[in-house]
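>>> Okay, here's the prediction I keep looking at, along with the sequence it came from:
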Amino acid sequence: MADRRAMLAPRSDAGRATAENGVVLLDGPDGVAVTMTPDAAARTADSLLEAARQAREQLAARGPGASDSADDLG
């Protein structure tokens, strides 16, 4: 079984979304692939943007010099 910390380590490489035949394809790191309807993709995008905003606020609240690794995740 893989090391839990390695599994929880945040990725810095982004996924890539494309549209094909009326659906949205999201290809992510490590072979992650998701096919969504346009509405599901839009809701996912909104959710990701909100979560990114919150995560940035959390990092800013930790102050300068704080690690942004997965150390606090597990």
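Cool, the structure landed. Numbers count the residues shown, from 1 in each chain.
>>> Against residue 54, how distant is the residue nearest the centre of the chain?
Nearest to the geometric centre of the chain sits residue 48, at 6.9 Å (C-alpha atoms, centre = their mean). Taking C-beta to C-beta, to the nearest Å as the measure, residue 48 falls 11 Å from residue 54. C-beta: built from backbone N, CA, C; applies to glycine.
>>> got the contact list for residue 41?
17, 24, 26 (C-beta atoms under 8 Å, 6 or more residues apart in numbering).
>>> top of the residues you listed by neighbour count?
Tallying neighbours with other C-beta atoms under 10 Å puts residue 24 at the head of the contacts of residue 41, with 19 neighbours.
>>> And the pLDDT at that residue?
Looking at residue 24, its pLDDT is 98.
>>> again with residue 43
Reading off the model, residue 43 has pLDDT 98.
>>> Next: the one 3 residues further on.
Residue 46 is assigned 98 on the pLDDT scale.
>>> how far is the host helix or strand of it from where the chain is centred?
Using DSSP states H and E, residue 46 maps to helix 38-62. Centre-to-centre, helix 38-62 and its host chain are 9 Å apart (C-alpha atoms, centre = their mean, to the nearest Å).
>>> ok, residue 15 - contacts?
26-29, 32.
>>> pretty sure residue 34 is touching residue 18, no?
No. In this structure, residue 34 is not within contact of residue 18 by C-beta atoms under 8 Å, at 11.6 Å.
>>> quick one, which of the two is more surrounded?
residue 34 (14 against 9).
>>> So what sits opposite the more buried one in the bridge?
Here residue 34 sits in beta bridges with residue 26, going by DSSP bridges.
>>> got a pLDDT number for it?
97.
>>> Could you tell me which residues make contact with it?
By C-beta under 8 Å, 6+ apart, the neighbours of residue 34 are 25-26, 28.
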